[in-house]
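K.L.:
show me how the following folds:
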Amino acid sequence: MRSIVHLSLCLVGLLAVAPGAALADKCIPDQMTDYLKLDPNVGCTVNDKIFKKFGYASTVSADDVGVIPIEISLAPGLRFLALSGFWEIVGPNKTISAKIDYIVVVPAGKPLITTATLLLLGAAENGGSITDVETIKSLPPPPNSSTLMTLTAFCDGSIIAPCEPDLAGSEVFQVAVFDVPTDVVEVDNRLTIQCGEGAPALCGADVFGVRNRFLEVVPVVPEPTSLLLCTSGLGLLFVLRVVRNRRWRENSPLMNSRTPWRRGDLGFSKPSNRTFNAARERAKHLPQLDRRRGAGTSA
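P.N.:
Sure, this is the predicted structure:
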């Protein structure tokens with residue numbers, strides 16, 4: 001029987017370290033090229049979320065695009081940025097486009113995703129514009145809820161650079177809330193940097209980065225007062241149990257082996273002093289009775 005148990009444990013250990021059950025490594029700042037090389041079924045982790053199945057298409061090489069993990073508690077994500085100013089144009093009739101897609105997975109037992117945010121960091125002036133259209137899809141589609149949402153962040157160059165959320169003509173920060181918290185999110189970013197036809201020679205647009213974050217279900221933490229009451233109640237129950245056990249030991253006939261006991265009508269009962277005295281007097285007269293019986297026998 002023991003050998004069967006040991007064999008079962010060995011099989012479980014082998015399955016745990018099998019290649020198909022490989023755990024994802026932590027995401028690190030790196031080039032998009034290296035993220036494209038990740039195993040699409042494994043990916044990498046930011047906090048407790050798994051990011052995998054990366055895709056990229058652009059006129060700018062993946063070697064010139066960086067990926068930086070955002071390790072914020074309850075709101076992990078990724079930031080994409082071009083290295084050495086490759087997401088930048090100056091002058092009319094110029095356009096740069098980029099497509100970035102990936103999937104976010106919540107491991108079993110971890111907080112689900114409730115909200116997705118998009119922040120477009122950049123500058124645009126003299127007719128230049130920067131736009132990121134982010135499509136977010138919950139997988140599998142939850143019943144009776146929206147599964148596809150689109151966030152559009154833009155800055156049209158009608159303001160002084162850089163583009164900021166609180167300035168007119170700028171909508172660089174967007175938020176999407178899922179109807180139902182989800183454990184798998186498919187993300188697709190379409191970035192466009194443009195100076196259109198007829199733009200002045202000083203037209204310019206530059207993207208510093210695209211930031212995607214995914215907010216989690218906040219774990220419920222007991223309030224200090226509730227925690228104190230709960231702890232006090234458990235402590236009181238413990239004290240009452242100890243006192244009850246101590247009294248039982250003191251009053252229980254089974255716990256005192258030095259005192260003789262007799263069986264009464266209802267379980268065990270402690271003999272009275274009168275019973276002890278009667279037994280003692282009887283013991284005194286036993287020798288005399290034995291002698292009398294002996295004398296009668298001999299006669």
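K.L.:
where does pLDDT dip in the stretch 51-200 of the chain?
P.N.:
142-146, 158-162, 164-170 (pLDDT under 70).
K.L.:
just give the nearest non-adjacent residue to residue 191, would you?
P.N.:
Among residues not flanking residue 191 along the chain, residue 98 sits closest, at 4.4 Å (C-beta to C-beta, 6 or more residues apart in numbering). Heads up, the C-betas are built off the backbone N, CA and C, glycines and all.
K.L.:
please enumerate the helices of the chain.
P.N.:
2-16, 32-36, 224-251, 273-298 (DSSP state H).
K.L.:
any idea which of those helices scores lowest on pLDDT?
P.N.:
Note on those: helix 2-16 shows the lowest mean pLDDT, a mean of 46.
K.L.:
shouldn't residue 96 be in contact with residue 87?
P.N.:
Yes: counting by C-beta atoms under 8 Å, residue 96 does reach residue 87; the two are 6.2 Å apart.
K.L.:
now for the two: what residues contact both?
P.N.:
Common contacts of residue 96 and residue 87 (C-beta atoms under 8 Å, 6 or more residues apart in numbering): 60, 191, 193.
K.L.:
just the ones of those residues in strands?
P.N.:
Cross-referencing the shared contacts of residue 96 and residue 87 against strands under DSSP state E gives 191, 193.
K.L.:
of all the shared contacts of residue 96 and residue 87, which comes closest to residue 137?
P.N.:
Distance ranking of the shared contacts of residue 96 and residue 87 against residue 137, using C-beta to C-beta, places residue 191 first at 18.2 Å.
K.L.:
sorry, back to before: correct me, but the residue nearest to residue 191 touches residue 58?
P.N.:
Yes: counting by C-beta under 8 Å, residue 98 touches residue 58, with 3.6 Å between them.
K.L.:
okay, these two: which has more neighbours?
P.N.:
With neighbours defined as other C-beta atoms under 10 Å, residue 98 and residue 58 compare such that residue 98 has more, 24 against 18.
K.L.:
distance check, that one against residue 188.
P.N.:
Taking C-beta to C-beta, to the nearest Å as the measure, residue 98 falls 12 Å from residue 188.
K.L.:
likewise for residue 57?
P.N.:
11 Å.
K.L.:
same check, this time on residue 210
P.N.:
Per C-beta to C-beta, residue 210 is found 12 Å from residue 188.
K.L.:
who's more crowded, those two?
P.N.:
Using other C-beta under 10 Å, the more surrounded residue of residue 210 and residue 188 is residue 210, with 25 against 15.
K.L.:
isn't the more buried one up against residue 131?
P.N.:
No: applying C-beta under 8 Å as the test, residue 210 and residue 131 come out as separate, 10.7 Å apart.
K.L.:
give me the common contacts of the two.
P.N.:
Here residue 210 and residue 131 have 120, 191 as joint contacts, going by C-beta under 8 Å, 6+ apart.
K.L.:
what's the burial count for the residue lying closest to residue 138 once chain neighbours are set aside?
P.N.:
Residue nearest to residue 138 in three dimensions, not counting chain neighbours: residue 182, with 4.2 Å by C-beta to C-beta, 6+ apart. As a burial measure, residue 182 scores 23 neighbours (other C-beta under 10 Å).
K.L.:
hmm, residue 182 is touching residue 113, no?
P.N.:
Yes: counting by C-beta under 8 Å, residue 113 is a contact partner of residue 182 at 5.4 Å.
K.L.:
beta-bridge partners for residue 50, please?
P.N.:
Beta-bridge pairing for residue 50 (DSSP bridges): residue 45, residue 105.
K.L.:
now do the shared contacts for residue 182 and residue 113.
P.N.:
Residues touching both residue 182 and residue 113 (C-beta under 8 Å, 6+ apart) are residue 106.
K.L.:
domain map for the protein?
P.N.:
26-216, 229-286 (automatic domain parsing).
K.L.:
please identify the most buried of these.
P.N.:
Comparing the domains of the chain by mean neighbour count (mean count of other C-beta atoms under 10 Å), domain 26-216 ranks first with a mean of 18.
K.L.:
contacting residues for residue 231?
P.N.:
Residues near residue 231 by C-beta under 8 Å, 6+ apart: none.
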